[in-house]
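[1] The sequence isn't on hand, but the structure is:
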């Protein structure tokens with residue numbers, strides 16, 4: 001697969017993960033989020049997909065779009081995957097809201 005097509009696929013995955021997260025947490029309070037294990041597990045998973053896809057986007061594409069905090073996005077995935085025991089649910093909710101909402105509906 002050509003790099004441009006791979007990038008398009010990974011960007012699509014990022015956008016879809018972001019859309020899911022934003023849709024799921026819109027209007028959800030912190031308390032509701034914390035009391036819904038299925039929801040916070042789903043948001044964690046989509047944040048992992050979002051970060052993994054960002055990590056697979058080519059360096060050329062990342063360099064073309066310095067306005068996207070690629071390193072931070074990838075860092076969230078690393079934290080979720082490797083330091084999961086230390087994560088507070090409020091951080092997940094905040095990451096889902098702040099980091100993904102700006103990418104969820106851009107075409």
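    In hand now; what should we look at? Worth saying up front: this structure is predicted, and the values here are computed from it rather than measured.
[2] Could you find the closest non-adjacent residue to residue 80?
    Setting aside the residues directly before and after it, residue 80 is nearest to residue 48 in space (Cβ to Cβ, 6 or more residues apart in numbering), at 5.2 Å. Where you see a C-beta, it was placed from the backbone N, CA and C, and this is true even at glycine.
[3] in the helix or strand containing that neighbour, what's buried?
    For residue 48, the host element (DSSP states H and E) is helix 37-56. For helix 37-56, burial by neighbour count (16 or more other Cβ atoms under 10 Å) applies to 39-40, 42-44, 46-55.
[4] And the furthest pair within the residues you listed?
    39 and 55 (24.7 Å; Cβ to Cβ).
[5] circling back: just checking, what packs against the helix holding residue 48?
    Helix 37-56 sits against helix 3-25, helix 30-34, helix 70-82, helix 89-98, with contacts defined as 3 or more Cβ pairs under 8 Å, 6 or more residues apart in numbering; DSSP states H and E.
[6] The second one - what's its average pLDDT?
    This means helix 30-34. What helix 30-34 shows for mean pLDDT is 87.
[7] What residues of it count as buried?
    33, 34.
[8] tell me what it is packed against?
    helix 37-56, helix 89-98.
[9] The first one now?
    Using 3+ Cβ pairs under 8 Å, 6+ apart as the contact definition, the elements that helix 3-25 packs against are helix 37-56, helix 59-64, helix 89-98.
[10] low-confidence ranges in the chain?
    Applying pLDDT under 70 to the chain flags residues 1-3, 83-107.
[11] Alright, that wraps it up for me.
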